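Visitor: below are the sequence and a predicted model for it; my questions follow.
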Amino acid sequence: MPQISVSQFFLWDFILKKVAHISEYAILFFLLFRATQKNYILSFALTIIYALSDELHQSFVQGRTAAFYDLGFDLTGANICAYTIWKSKLNQSKGHDK
């Protein structure tokens, strides 16, 4: 097997971390959505607050850095989940109209 180059490692490390951010915050949004009795706005607001607090916390942890551009990945996860829930409900209501 050929060895992976340093630049390839950093690329895959970056991709893996960003996919993790998106996945984690999609799950967080889903759980908050259920906990708030299906309130999209409150769920999204709580997700934003948590993402901000997470980045702020990282700024105080030695060896970690706060990367506020990560908020974009976090909110992308929340948006994907919200869209998926909305689209699923829309498709369910179309099925009941028949």
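Guide: Nice, I can see it.

Visitor: ok, longest helix in this structure?
Guide: When the chain is parsed with DSSP state H, its longest helix is helix 6-35.

Visitor: could I get the buried residue list for that one?
Guide: Within helix 6-35, the residues scored as buried using 16 or more other C-beta atoms under 10 Å are 18, 21-22, 25-26, 28-30, 32-33. To be clear about C-beta, it is placed using only N, CA and C from the backbone, and glycine gets the same treatment.

Visitor: how far away from the center of its chain is that helix?
Guide: Put simply, helix 6-35 sits 6 Å off its chain's centre (C-alpha atoms, centre = their mean, to the nearest Å).

Visitor: could you point out which element follows it?
Guide: Later in the chain than helix 6-35, the nearest helix or strand by DSSP states H and E is helix 40-60.

Visitor: ok now that next one, how far from the chain's centre?
Guide: The answer for helix 40-60 is 11 Å, by C-alpha atoms, centre = their mean.

Visitor: what does stretch 67-75 give?
Guide: Worked out by C-alpha atoms, centre = their mean, stretch 67-75 lies 9 Å from the chain centre.

Visitor: list the residues that contact Ile22.
Guide: Contacts for Ile22 (C-beta atoms under 8 Å, 6 or more residues apart in numbering) come out as 73-74, 76-77, 80.

Visitor: check the gap between it and Ser93 for me.
Guide: Using C-beta to C-beta, to the nearest Å, one gets 27 Å for the distance from Ile22 to Ser93.
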